[in-house]
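# how would this look folded up:
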Amino acid sequence: MKYSRMNVTEFILMGLTQKPQIQTILFLVLLVTYIVTVTGNLLIVCTVNCSQTLNSPMYFFLAFLSLIDACYSSSIIPKMLVDLLSETKTITFNACMIQLFVTHFLGASEIVLLVVMAYDRYVAICRPLHYVTRMNHHTCCLLVGVCWAVGFLHSFGQILVTFWISFCGLNVLDHFCCDIFPLIQLGCSDTFLLGLLVAVNGGVIPVITFVMLLMSYAVILCSLRTRSSAGRKKALSTCGSHITVVVLFFVPCIFMYLRPVATFPMDKAIAVFYTLVTPMLNPVIYTARNAEVKHAIKILLKKHQNLYNK
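Numbers count the residues shown, from 1 in each chain. Next comes the predicted model:
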């Protein structure tokens, strides 16, 4: 096995576009979107932690999801913003590996977390008498630990793949960040097996998970027929938010990784969508359809306003 860094010490990122006028516009748009994304997700985290009413496991996992989204965008977008204003868009080999590890670590952790959130809703709706005992604080913390562990194993596997790539001096990445497929395409040896491993790790597993999630929510929705009108409406609102987030996250992910090693013109746009747009929409999706979260946010903002006025 040949260690790649012996051949390449840094990579040149092509970015989203090479046109200076468009780069300036993109910088402003991405900066505003990034600020909204981080602010919205951290507001959810602070609201859940400070509120006395949002103490159920569902909101515990929601805060964790918001934290992941804020960190995920922060692992990519700041570097993008700097590159949009720079003539040379370079990233060192070590920094590239760190970015690759962090993004896949957070992404895989979010996949497992969405499964955990679906299980939480299943127990709450289909097994309400067992909810308190099954979803206690210890279990919730254990499930979060499982999310981190799976994320680490997945990301570690992605890093191991890069150790098998022989770059042979090629270092121009047609992307705005370090990702596994653009790196594999720089390899000068046969990368079919590497591409297959990445497709299985990053594509097949999300497909299976996505199908299982849709089936689980179908079971949950079918069980609502026996509920009262008020209970059915509340459960539908919560499950609708979860399903929307699942679709927005999994569909781009499956498109990007369940395929042979290749690039398409729409890849960068889709990458922007799941690295920035989806994390920005998640707080909106969960708060717009949840009266408890909106009420808790209003109370939190009012408290801070009163403290500021004093």
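# excluding its backbone neighbours, what's nearest Pro57?
Nearest non-adjacent residue to Pro57, counting by CB to CB, 6 or more residues apart in numbering: Met135, 4.4 Å away. In short, each C-beta sits where N, CA and C put it, glycine included.
# neighbours of that neighbour, just the number please.
Close neighbours of Met135, defined as other CB atoms under 10 Å, add up to 22.
# Likewise for Leu197?
Neighbour count for Leu197, taken as other CB under 10 Å: 18.
# Phi, psi for it please.
Dihedral pair for Leu197: phi -60, psi -40, per degrees, to the nearest 10.
# got the contact list for it?
For Leu197, the contacting residues are Gly157, Val161, by CB atoms under 8 Å, 6 or more residues apart in numbering.
# what sits against Leu183?
So Leu183 contacts Cys96, Leu100, Thr162, Ile165, Leu173 (CB under 8 Å, 6+ apart).
# Tell me which helix or strand it sits in.
Using DSSP states H and E, Leu183 sits in helix 180-185.
# coming back round to it: redo the contacts of Leu183 as TSV? Include distance to Pro182.
TSV is the format used below for the contacts of Leu183 (distance: CB to CB, whole Å):
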residue	distance to Pro182
Cys96	10
Leu100	10
Thr162	11
Ile165	11
Leu173	5
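# Take the residues you listed and keep only those in strands.
Using DSSP state E, the subset of those located in strands is Leu173.
# Quick one, which of the contacts of Leu183 has the minimum pLDDT?
pLDDT across the contacts of Leu183 is lowest for Ile165, at 78.
# What's the local residue count around it?
Using other CB under 10 Å, the number of residues around Ile165 comes to 23.
# Now it. Its backbone dihedrals?
Main-chain dihedrals, Ile165, degrees, to the nearest 10: phi -90, psi 130.
# circling back: please identify the buried residues of the helix holding Leu183?
Within helix 180-185, the residues scored as buried using 16 or more other CB atoms under 10 Å are Ile180, Phe181, Pro182, Leu183, Ile184, Gln185.
# of these, closest to Lys19?
Nearest to Lys19 out of those is Pro182 (CB to CB; 20.6 Å).
# buried sites along stretch 174-194?
Residues 175-187, 191, 194 are the ones in stretch 174-194 that count as buried (16+ other CB under 10 Å).
# just the helices in the stretch 101-250 of the chain please.
Using DSSP state H, counting those that start in this stretch, the helices of the stretch 101-250 of the chain run over 131-134, 137-162, 180-185, 192-199, 205-223, 229-257.
# what residue lies at the spatial centre of this structure?
The geometric centre of the chain, computed from its C-alpha atoms, lies nearest to Gly107 (CA atoms, centre = their mean), at 4.4 Å.
# Distance of the nearest residue to that residue once chain neighbours are set aside relative to Ala95?
Closest residue to Gly107 apart from its sequence neighbours, by CB to CB, 6+ apart: Tyr72 at 6.8 Å. Look at Tyr72 and Ala95: by CB to CB, to the nearest Å, they are 17 Å apart.
# Now Leu300: closest residue in space that isn't a chain neighbour?
Counting by CB to CB, 6+ apart, the nearest residue to Leu300 once its immediate chain neighbours are dropped is Thr47, at 5.2 Å.
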